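*Asks:* have a look at this prediction, sequence included:
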Amino acid sequence: MLGRIFFFILIVGLPLSIIGSLLHWPSLLMFIIYCITIIALANYMGKATESLAIVTGSTIGGLLNATFGNAVELIIAFFALKEGLIEVVLASLTGSVIGNLLLVAGLSFFVGGIKYKRQQFNVYDARHNSGLLMFAIIVAFFIPEIFSMTLSDSKTMVLSIGVSLILIALYLAALFFKLVTHRGVYQHSNQQDHEEVPEWSTQKSLIILVLSTIAVAFVSESLVHTFESVADALSWSELFIGVIIVAIVGNAAEHASAIILAYKNKMDIAVEIAVGSTLQIAMFVAPLLVLISLFFPQSMPLVFTIPELVAMSTAVLLTISIANDGDTNWFEGATLLAAYVIMGIGFYLL
């Protein structure tokens with residue numbers, strides 16, 4: 001029944017998105033249509049990811065979901081960089097980090113915890129990811145901000161490029177570690193995915209993932225052009241749009257996938273999506289955007305504002321303290337969600 005609803009939304013929403021964009025319908029109406037369409041597309045990306053995870057395992061399945069989902073984020077940020085909206089791009093990156101760690105993980109723990117009193121996931125992956133999160137957010141993001149206070153703009157940009165190259169190199173090394181040299185070394189899961197039969201074949205899942213990502217990218221790019229009008233109509237600031245709205249919409253696919261999988265007690269892949277996507281944003285997407293910005297008139301240094309840094313580091317520390325034991329419940333999910341709401345209120349007031 002739910003699948004039919006999403007299918008109906010998709011076959012109606014996607015044409016309306018194209019027609020409305022060509023005919024220049026009111027921005028607020030198009031904003032709603034775009035968001036609903038992205039949610040429907042996210043459902044299909046979630047199903048494709050689940051089928052792939054059964055065949056390839058939770059780590060690769062989660063990585064594929066995060067990669068396809070973050071491709072949308074990267075496309076949105078690219079167009080924003082092209083328009084010179086540096087603050088919006090940095091704010092959207094901040095929103096992706098706190099959104100994945102607090103909103104996605106929080107909703108996953110909460111929704112899954114309502115159905116199951118206790119849910120477990122790979123504790124070794126959780127601890128491995130904790131170190132990377134600490135490095136990416138607490139070290140790599142703070143250093144450019146602190147040093148920029150005494151450095152010139154040109155030297156700050158050089159520092160940002162250096163940090164970006166190191167982040168990308170370490171991220172690729174982390175993938176090599178998890179998928180090659182230490183693949184299967186740290187096994188700790190009570191989920192028997194290998195006994196399940198995937199709903200879709202690997203080929204069909206990959207095709208749907210690619211097509212869904214292309215469709216989401218188109219709708220998301222159109223969505224970017226409605227932000228200014230919607231902000232004026234609803235009295236939202238650019239910072240709030242970047243941190244909350246752009247981040248939620250840009251990562252809608254991952255949000256839906258992680259929550260659905262958590263409800264099915266597939267916590268390994270749900271956590272891999274939430275945390276893996278955060279690491280990909282912090283260690284690959286953000287530094288890549290710094291390097292891409294060098295080709296535009298206005299370069300983007302890897303320098304966040306103090307509220308953004310505090311929000312991201314707080315989200316990292318809270319998530320680590322909750323997830324490091326490889327065990328969770330609905331109350332821990334509610335705690336993460338409460339932190340996200342508090343930060344959302346703060347950014348709205350800014």
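*Replies:* Great, that's in hand.

*Asks:* and the helices in the stretch 101-250 of the chain?
*Replies:* Shown for the stretch 101-250 of the chain, the helices assigned by DSSP state H, counting those that start in this stretch span residues 105-115, 123-133, 142-148, 153-176, 202-224, 227-234, 238-240, 247-250.

*Asks:* could you identify which of those helices is most buried?
*Replies:* Neighbour counts (mean count of other Cβ atoms under 10 Å) averaged over each of the helices of the stretch 101-250 of the chain peak at helix 247-250, with a mean of 25. For the C-beta atoms, the positions are set from N, CA and C on the backbone; glycine is no exception.

*Asks:* which outside residues touch that helix?
*Replies:* 34-35, 38, 72-73, 76, 92, 94-96, 98-99, 103, 220, 223, 255 (Cβ atoms under 8 Å, 6 or more residues apart in numbering).

*Asks:* also stretch 216-229?
*Replies:* Contacts for stretch 216-229 (Cβ under 8 Å, 6+ apart): 14, 17, 21, 27-28, 30-31, 34-35, 37-38, 41-42, 45, 71-72, 75-76, 79-80, 88, 241, 245-246, 249-250, 252-253.

*Asks:* residue 297 contacts residue 84, correct?
*Replies:* Yes. Judged on Cβ atoms under 8 Å, residue 297 makes contact with residue 84 at a distance of 7.2 Å.

*Asks:* which one's more surrounded, the two?
*Replies:* Between residue 297 and residue 84, counted using other Cβ atoms under 10 Å, residue 84 has the larger neighbour count: 14 against 7.

*Asks:* and the residue nearest to the more buried one when sequence neighbours are not counted, what helix or strand is that in?
*Replies:* Closest residue to residue 84 apart from its sequence neighbours, by Cβ to Cβ, 6 or more residues apart in numbering: residue 298 at 5.0 Å. Counting by DSSP states H and E, no helix or strand carries residue 298.

*Asks:* then the one 10 residues further on?
*Replies:* The secondary structure element spanning residue 308 is helix 306-323 (assigned by DSSP H and E).

*Asks:* and that helix with helix 105-115, angle?
*Replies:* Here helix 306-323 runs at an angle of 30 degrees relative to helix 105-115 (axes from the mean of the first three to the mean of the last three Cα atoms, to 10 degrees).

*Asks:* buried residues, helix 306-323. List them.
*Replies:* Across helix 306-323, burial judged by 16 or more other Cβ atoms under 10 Å covers 307-309, 311-320, 322-323.

*Asks:* returning to that earlier point: list buried residues within the contacts of stretch 216-229.
*Replies:* So, by 16+ other Cβ under 10 Å, the buried ones in those are 14, 17, 21, 27, 30-31, 34-35, 37-38, 41-42, 45, 71-72, 75-76, 80, 88, 241, 245-246, 249-250, 252-253.

*Asks:* in strands, which of these appear?
*Replies:* Among the buried ones among the contacts of stretch 216-229, no member is found in strands (DSSP state E).

*Asks:* so where's the stretch 251-350 of the chain shaky on pLDDT?
*Replies:* Low-confidence segments of the stretch 251-350 of the chain (pLDDT under 70): 251-254.

*Asks:* now do the helices in it.
*Replies:* Under DSSP H, counting those that start in this stretch, the stretch 251-350 of the chain gives helices at 252-263, 267-280, 286-292, 306-323, 330-349.

*Asks:* just checking, what packs against the fourth one?
*Replies:* The reference is to helix 306-323. Helix 306-323 sits against helix 86-98, helix 105-115, helix 123-133, helix 142-148, helix 267-280, helix 330-349, with contacts defined as 3 or more Cβ pairs under 8 Å, 6 or more residues apart in numbering; DSSP states H and E.
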